[in-house]
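Colleague: Give me the fold of what follows.
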Amino acid sequence: MGGSPGFFDLDERYAALSAFGDPLERLAAVVDFELFRTPLIQALRRSDGSKGGRPPVDPVLLFKILVLQALYGLSDEQAEFQIRDRLSFMRFLDLGLADRVPDYSTIWRFREALVTAGAMDDLFARFDLALTERGYLALGGQLIDASIIEAPKQRLTVEEKQRVRAGKRPSWPVAKARHKDIQARWTVKRGRVKKKPGPTLESREQLTEGLLIPAFGYKNHINVDRRHRLIRKFQVTHAAAHDGARLPELLNPEAVDRRVWADTAYRSKANEAALAAAGRRSMIHFKKPQGRAMPGPHVRANRTRSAVRSAVEHVFGEQKARMKLFVRTIGLARATRKIGMVNIAYNMRRLVWLERQAATG
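Modeller: Residues are numbered from 1 along each chain as shown. Model prediction:
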């Protein structure tokens with residue numbers, strides 16, 4: 001039987017992880033997490049410790065745990081286990097084998113404190129400022145879009161649904177109300193089915209063109225700069241919110257290029273006026289006239305614009321496929337914290353890639 005691991009044994013393990021290409025080691029080297037310390041301290045409002053008691057866990061350490069959760073889609077319990085189990089996580093958090101690991105309840109309380117303080121906008125803005133200071137300006141124009149982030153479906157009676165739609169809370173017991181999300185909403189998203197080889201029945205032809213799929217949850221509205229594909233602004237709403245109504249609030253005044261790309265959901269007189277007032281050039285897709293074919297110039301313009309605008313879909317694909325974005329919390333405030341952290345973690349991962357590309361030329 002082997003004895004306890006020694007100092008050099010641990011060094012060898014870490015060296016082997018580095019040789020394999022530990023992504024968290026690179027992330028820790030590229031991102032200065034100390035820039036989040038001030039807004040975190042302001043949000044937590046902890047005592048000065050003059051009354052004694054157990055020293056609190058470092059807020060930057062807890063914030064880095066939230067980054068791990070966002071990157072890998074981990075619950076609080078899973079995060080605690082993985083930190084104890086994985087050397088790469090421990091090294092990322094600067095924890096030794098003998099150091100105390102925050103338990104799942106500590107992670108939960110920290111997250112709730114950020115929700116109560118509404119700190120996500122400030123944390124996101126701090127990192128965006130750091131990106132700008134490193135030379136990653138919002139170049140190439142703005143890509144604006146939204147994606148539905150699904151949440152667990154709520155099972156409500158007809159009467160309960162009516163009360164929720166009227167903005168009232170059903171008369172649930174306190175314990176039951178804690179598990180009911182009355183701020184998320186149902187909506188319909190369009191999907192596609194690939195045509196199967198062989199003959200297709202005429203009555204089924206329409207099914208291969210598009211499907212209307214019901215979805216429940218929230219929406220992540222984002223503004224991505226075209227050059228670097230970094231998220232510059234975001235907003236979280238319930239899933240039924242209209243995409244186009246968010247455009248004026250999502251515009252980035254710091255963007256260098258005047259052009260703004262978006263799909264037909266954003267095409268309206270109000271949005272065109274908002275873009276003109278902000279000194280921006282509309283590259284929003286044209287809508288098909290009702291009952292008439294779309295003019296040829298508009299068809300060609302939409303095709304050209306789609307080639308640019310489609311880059312924003314890669315951001316959503318990254319968040320849903322690799323980062324496993326799914327809202328399991330209750331309420332809009334917690335959903336905003338969850339989605340906001342994923343947006344920050346996406347930008348961190350993107351920054352690592354951009355730095356690697358710059359280093360390799």
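
Colleague: Show me the strands in the chain, by range?
Modeller: Along the chain, counting by DSSP state E, strands occupy 142-150, 185-191, 211-225, 231-238, 259-262, 281-284.

Colleague: what's the closest of these to P56?
Modeller: Among the strands of the chain, the nearest to P56 by CB to CB is strand 231-238 (28.5 Å). C-beta coordinates here come from the backbone N, C-alpha and C atoms, glycine included.

Colleague: quick one, what contacts the closest residue to S282 other than its chain neighbours?
Modeller: Nearest residue to S282, sequence neighbours excluded (CB to CB, 6 or more residues apart in numbering): L275, at 4.9 Å. By CB atoms under 8 Å, 6 or more residues apart in numbering, the residues touching L275 are 247, 251, 260, 281-282.

Colleague: mind running it again at 10 Å?
Modeller: By CB atoms under 10 Å, 6 or more residues apart in numbering, L275 lies in contact with 247-248, 251, 258-260, 262, 266, 281-284.

Colleague: number of nearby residues for M323?
Modeller: 18 (other CB atoms under 10 Å).

Colleague: Please disregard the earlier target; I meant E159.
Modeller: Counted with other CB under 10 Å, the neighbours of E159 add up to 10.

Colleague: Next: the one 10 residues further on.
Modeller: Look at R169: counted by other CB under 10 Å, it has 11 neighbours.

Colleague: do the same with A245
Modeller: By other CB under 10 Å, 15 other residues sit near A245.

Colleague: for the one 4 residues further on, same thing?
Modeller: Counted with other CB under 10 Å, the neighbours of E249 add up to 11.

Colleague: Repeat that for L351.
Modeller: Close neighbours of L351, defined as other CB under 10 Å, add up to 20.

Colleague: Next up, the contacts around the closest residue in space to it that isn't next to it in sequence.
Modeller: Leaving out its chain neighbours, the residue that sits closest to L351 by CB to CB, 6+ apart is V30, at 6.0 Å. Each residue near V30 by CB under 10 Å, 6+ apart is listed here: 134, 348-349, 351-356.

Colleague: Report the two of those residues separated the most.
Modeller: Greatest spatial distance among the contacts of V30 (CB to CB): R134 and R349, at 15.2 Å.

Colleague: tell me which helix or strand of this structure sits lowest on mean pLDDT?
Modeller: Each helix and strand of the chain was given a mean pLDDT (mean pLDDT, DSSP states H and E); the minimum falls on helix 205-209 at a mean of 47.

Colleague: sorry, back to before: which one of the strands of the chain has the poorest average confidence?
Modeller: Lowest mean pLDDT within the strands of the chain: strand 185-191, a mean of 85.

Colleague: for the stretch 1-150 of the chain, what spans make up the helices?
Modeller: 7-20, 23-30, 37-44, 59-72, 76-85, 87-92, 104-117, 120-133 (DSSP state H, counting those that start in this stretch).

Colleague: Mean pLDDT lowest where, among these?
Modeller: Among those, helix 7-20 has the lowest mean pLDDT, at a mean of 85.

Colleague: elements contacting it?
Modeller: Secondary-structure packing of helix 7-20 (3 or more CB pairs under 10 Å, 6 or more residues apart in numbering; DSSP states H and E): helix 23-30, helix 87-92.

Colleague: So which of those helices is the most surrounded?
Modeller: Sort the helices and strands packed on helix 7-20 by mean neighbour count, taking mean count of other CB atoms under 10 Å, and helix 87-92 sits at the top with a mean of 19.

Colleague: Can you list the neighbours in contact with it?
Modeller: Identification of contacts with helix 87-92 by CB under 10 Å, 6+ apart yields 10, 13-14, 16-18, 20, 22-25, 27-28, 33, 64-65, 67-68, 72, 74, 79, 81-84, 86, 95-97, 99, 101.

Colleague: In TSV, list the helices and strands packed on helix 7-20 along with distance to V188.
Modeller: Below are the helices and strands packed on helix 7-20 laid out as TSV (distance: least, CB to CB, whole Å):
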stretch	distance to V188
helix 23-30	37
helix 87-92	40
